[in-house]
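Visitor: no sequence for this one, just the structure:
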Ligand SMILES: Nc1ncnc2c1ncn2[C@@H]1O[C@H](COP(=O)(O)OP(=O)(O)O)[C@@H](O)[C@H]1O
Ligand SMILES: CC(=O)N[C@@H](CCC(=O)OP(=O)(O)O)C(=O)O
């Protein structure tokens, strides 16, 4: 007769249940965007760091891109400056750009490196300036009102979009035992620093690295409708309607946009998940249903320009 399972046998069951997922993602690149709003408390930060270290140890190739919007906002408040956003992008004058570099390239980046190192991982912190990783160009936001013929161009300062990515440094690091931790700051051909929304950097990096998954960790359960129900598996046209009627707004705009672009350009799936849930990344990777909002390839659909 079979003996009842001991706690040790139960642990062994959990481990073997993870086996198919470990096989599926072994050697695959997974780009994880760690949003500033998901960096809630020390306990959750530690659980995130443990997930990343575990992924690396079982043979996945995690690459972390982090945000830090709320942390930038806090420092700006301390120096008496208000944060202003247009379409989810921070209006960035020269002084704000200095703060962005200090907070993202310094405080937040090194905190994540430290957290992962404390869990036994070998994290290396970079900004897009290191190794010529992210070439940026100035982002122009256009608005077309019904009465005007020509679209209005809104200047939001030192805000960039990704022009191109040279991932050779990432390949060198990830090919070794290192975990790259990337702050979303790019450099223009003019040598100037550009503040880039971290979702866009994560999306473009996932495309360049031919990542299996792009996982965006944020502070909601995923993409929600007006009744706060979780939406998943939407196509481009459904998303466009949700933007037009204002259901998708603010910080969710760059997230959904980069997820759609990434899957249209070869990333297998993109996921918007709740970083406030302990071990959210592992739950996404090691369960069939996953968590949060899934966005998958739609036969080459492109975001309208
Ligand atoms: N339809 C939507 N579903 C979920 N969140 C939304 C939606 N529209 C706007 N949001 C906002 O987007 C925010 C997430 O974006 P953001 O604040 O930039 O987070 P992060 O720091 O993780 O990038 C949510 O907290 C929510 O306020
Ligand atoms: C242009 C722009 O908006 N840049 C962002 C960069 C940080 C970021 O994206 O942080 P989250 O992922 O935490 O929102 C900002 O200045 O807030």
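Guide: Okay, I see it. Keep in mind it's a predicted model, so treat the numbers as computed, not measured. Ligands and ions are numbered 1, 2, ... in the order given.

Visitor: Please make it C-alpha for all contacts and neighbour counts, starting now.
Guide: OK.

Visitor: Around ligand 2, pick out the residues from the chain.
Guide: Within the chain, the positions near ligand 2 by C-alpha under 6 Å from any ligand atom are 35-37, 67-69, 89-90, 159, 195-198.

Visitor: which element is residue 170 on?
Guide: Taking DSSP states H and E as the definition, one finds residue 170 inside helix 168-175.

Visitor: Mind telling me what element residue 246 is part of?
Guide: Here residue 246, judged by DSSP H and E, is contained in no helix and no strand.

Visitor: Next one: it from residue 224, what distance?
Guide: 12 Å (C-alpha to C-alpha, to the nearest Å).

Visitor: One more: residue 118?
Guide: Residue 118 sits 35 Å away from residue 224, taking C-alpha to C-alpha as the criterion.

Visitor: and the two? which has more neighbours close in?
Guide: Neighbour count, other C-alpha atoms under 10 Å: between residue 118 and residue 224, residue 224 has more, with 18 against 15.

Visitor: Give the bridge partners for that one, please.
Guide: Following DSSP bridges, residue 224 is listed with bridge partners residue 230.

Visitor: low pLDDT regions in the chain?
Guide: By pLDDT under 70, the weakly predicted segments of the chain are 1, 145-148, 297-305.

Visitor: Give me the longest helix you can find in it.
Guide: When the chain is scanned for its longest helix (criterion: DSSP state H), the result is helix 42-57.

Visitor: And for it, what's in contact with it?
Guide: Contacts to helix 42-57, defined as C-alpha atoms under 8 Å, 6 or more residues apart in numbering, come from residues 39, 61-62, 112, 115-116, 119-121, 177, 179, 276-282.

Visitor: Where helices are concerned, which of those residues count?
Guide: Those of the contacts of helix 42-57 mapping onto helices are 112, 115-116, 280-282, per DSSP H.

Visitor: Same list, the residues you listed, but as CSV with distance to ligand 1 please.
Guide: Formatted as CSV, the ones in helices among the contacts of helix 42-57 follow (distance: C-alpha to the nearest ligand atom, whole Å):
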residue, distance to ligand 1
112, 15
115, 19
116, 19
280, 13
281, 14
282, 18
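
Visitor: Skip the chain neighbours and tell me the closest residue to residue 223.
Guide: With sequence-adjacent residues excluded and distances taken as C-alpha to C-alpha, 6 or more residues apart in numbering, residue 223 is closest to residue 231, at 5.5 Å.

Visitor: Can you report how many residues neighbour the one you found?
Guide: There are 15 residues near residue 231, going by other C-alpha under 10 Å.

Visitor: again with residue 83
Guide: 16.

Visitor: and it, what does it touch?
Guide: Each residue near residue 83 by C-alpha under 8 Å, 6+ apart is listed here: 73, 76-77, 90-91.

Visitor: at 10 Å instead, please
Guide: 69-70, 72-74, 76-77, 90-92, 96 (C-alpha atoms under 10 Å, 6 or more residues apart in numbering).

Visitor: same deal with residue 124?
Guide: Contacts here follow C-alpha under 10 Å, 6+ apart; on that basis residue 124 touches 109-110, 112-114, 116-117, 170, 173-174, 178-182.

Visitor: Ok, residue 15 next?
Guide: With contact set as C-alpha under 10 Å, 6+ apart, residue 15 has these partners: 9, 22.

Visitor: For it, identify the helix or strand it belongs to.
Guide: helix 7-17.

Visitor: Identify all contacting residues around the helix or strand just after that helix.
Guide: If you walk from helix 7-17 toward the C-terminus, the next helix or strand you reach (DSSP H and E) is helix 19-25. When contacts are defined by C-alpha under 10 Å, 6+ apart, helix 19-25 is touched by residues 15-16, 26, 55, 58-61, 212-213, 285-288.

Visitor: Mind giving me the PyMOL select for these, buried ones only?
Guide: Those of the contacts of helix 19-25 that meet the burial criterion (16 or more other C-alpha atoms under 10 Å) are gathered into one PyMOL selection, given here:
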select buried, resi 55+59+60+61+212+213+285+286
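
Visitor: ok, of the contacts of helix 19-25, which one's closest to residue 238?
Guide: residue 213 (21.8 Å; C-alpha to C-alpha).

Visitor: What residues are bridge-paired with the residue nearest the centre of the chain?
Guide: When the chain is reduced to its mean C-alpha position, the nearest residue by C-alpha atoms, centre = their mean turns out to be residue 33, at 2.2 Å. When bridges are called by DSSP bridges, residue 33 pairs up with residue 65, residue 216.

Visitor: Could you report the distance from it to residue 93?
Guide: Taking C-alpha to C-alpha as the measure, residue 33 falls 25 Å from residue 93.

Visitor: Please name the spatially closest residue to residue 40 (chain neighbours excluded).
Guide: Of all residues beyond its chain neighbours, the one nearest residue 40 is residue 276 (6.9 Å), with distances taken as C-alpha to C-alpha, 6+ apart.
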